[in-house]
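**Student:** Let me see the structure of the following:
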Amino acid sequence: MRLGGRREEEGGRGGEEESGRGEEKWRRGEMEERKGKKREGERRRKEEERKEEGRKRRGRKKEEERKEEERKKEERGEEERGEEEDPNHCLIT
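**Tutor:** Numbering: from 1, shown residues only. Reported below is the predicted structural model:
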């Protein structure tokens, strides 16, 4: 019986699984599986980083818009206060 390994009579274990070829294939498959898991993990990590960057970018944009609105409100408020503070603006003589 010869499946890819040495015959049992020749001092080998016999059979493909026991010859080393089967173990080599198994190891290769395990390594490929690990690589696949590693790549999948890296892909997920990069995807999470992109999402986080998007959240940060949106947060900064909203913060800038809020500051811009505050600044505009302050300017409008100063203009209104400036008109009210003028003591002569209502006097007609």
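**Student:** Can you tell me how far R57 is from K67?
**Tutor:** Going from R57 to K67 by C-beta to C-beta, to the nearest Å gives 16 Å. Placement of C-beta: from N, CA and C, glycine included.
**Student:** list the contacts for E32?
**Tutor:** With contact set as C-beta atoms under 8 Å, 6 or more residues apart in numbering, E32 has no partners.
**Student:** can you tell me which helix or strand it belongs to?
**Tutor:** E32 belongs to helix 21-85 when assigned by DSSP states H and E.
**Student:** buried residues in stretch 48-64?
**Tutor:** Buried positions in stretch 48-64, judged by neighbour count with 16 or more other C-beta atoms under 10 Å: none.
**Student:** Same check on stretch 26-45?
**Tutor:** For stretch 26-45, using 16+ other C-beta under 10 Å, no residue counts as buried.
**Student:** Alpha carbons of it, in PDB - could you do that?
**Tutor:** In PDB, the C-alpha atoms belonging to stretch 26-45 read as follows (Å, rounded to 0.1, in the frame of the first residue of the first chain):
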ATOM      1  CA  TRP A  26      -2.500  20.600   7.400                       C
ATOM      2  CA  ARG A  27       0.100  23.000   8.600                       C
ATOM      3  CA  ARG A  28      -0.100  25.000   5.400                       C
ATOM      4  CA  GLY A  29      -3.900  25.200   5.800                       C
ATOM      5  CA  GLU A  30      -3.500  26.300   9.400                       C
ATOM      6  CA  MET A  31      -1.000  29.000   8.400                       C
ATOM      7  CA  GLU A  32      -3.300  30.200   5.600                       C
ATOM      8  CA  GLU A  33      -6.200  30.300   8.100                       C
ATOM      9  CA  ARG A  34      -4.200  32.300  10.500                       C
ATOM     10  CA  LYS A  35      -3.200  34.700   7.800                       C
ATOM     11  CA  GLY A  36      -6.800  35.100   6.800                       C
ATOM     12  CA  LYS A  37      -7.800  35.800  10.400                       C
ATOM     13  CA  LYS A  38      -4.900  38.300  10.700                       C
ATOM     14  CA  ARG A  39      -5.900  40.100   7.500                       C
ATOM     15  CA  GLU A  40      -9.600  40.100   8.600                       C
ATOM     16  CA  GLY A  41      -8.500  41.600  12.000                       C
ATOM     17  CA  GLU A  42      -6.400  44.300  10.200                       C
ATOM     18  CA  ARG A  43      -9.300  45.100   7.900                       C
ATOM     19  CA  ARG A  44     -11.700  45.500  10.800                       C
ATOM     20  CA  ARG A  45      -9.200  47.600  12.700                       C
END
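**Student:** No more questions from me, cheers.
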